[in-house]
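Visitor: All I have is the shape, not the residue letters:
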């Protein structure tokens, strides 16, 4: 069985890319969702959680 990248203290380009995509995805969803909600409803007090 191969050790995971962080256990071996080694990270390659694909693992770094996966980390970056995983870290930025929640922000992209929030930014897109909040802007879309403001545009469609016109309500400025839209909560982030429903």
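Guide: That came through fine. If you're wondering where the values come from, they're calculated on a predicted model, not measured in any experiment.

Visitor: What is the burial count for residue 10?
Guide: 10 (other Cβ atoms under 10 Å). All C-beta spots, glycine's among them, are computed from the backbone N, C-alpha and C.

Visitor: Can you tell me the SS state at it?
Guide: coil (DSSP: H, G, I helix; E, B strand; the rest coil).

Visitor: can you check residue 28 too?
Guide: helix.

Visitor: now the helices for this structure?
Guide: 13-41 (DSSP state H).

Visitor: Give the residue spans of it that score low on pLDDT.
Guide: 1-9, 46-50 (pLDDT under 70).

Visitor: List the residues that contact residue 41.
Guide: For residue 41, no residue meets the contact criterion (Cβ atoms under 8 Å, 6 or more residues apart in numbering).

Visitor: and the gap between it and residue 16?
Guide: With distances taken as Cβ to Cβ, to the nearest Å, residue 41 is found 38 Å from residue 16.

Visitor: Tell me how many other residues surround residue 19.
Guide: Residues near residue 19, counting by other Cβ under 10 Å: 13.
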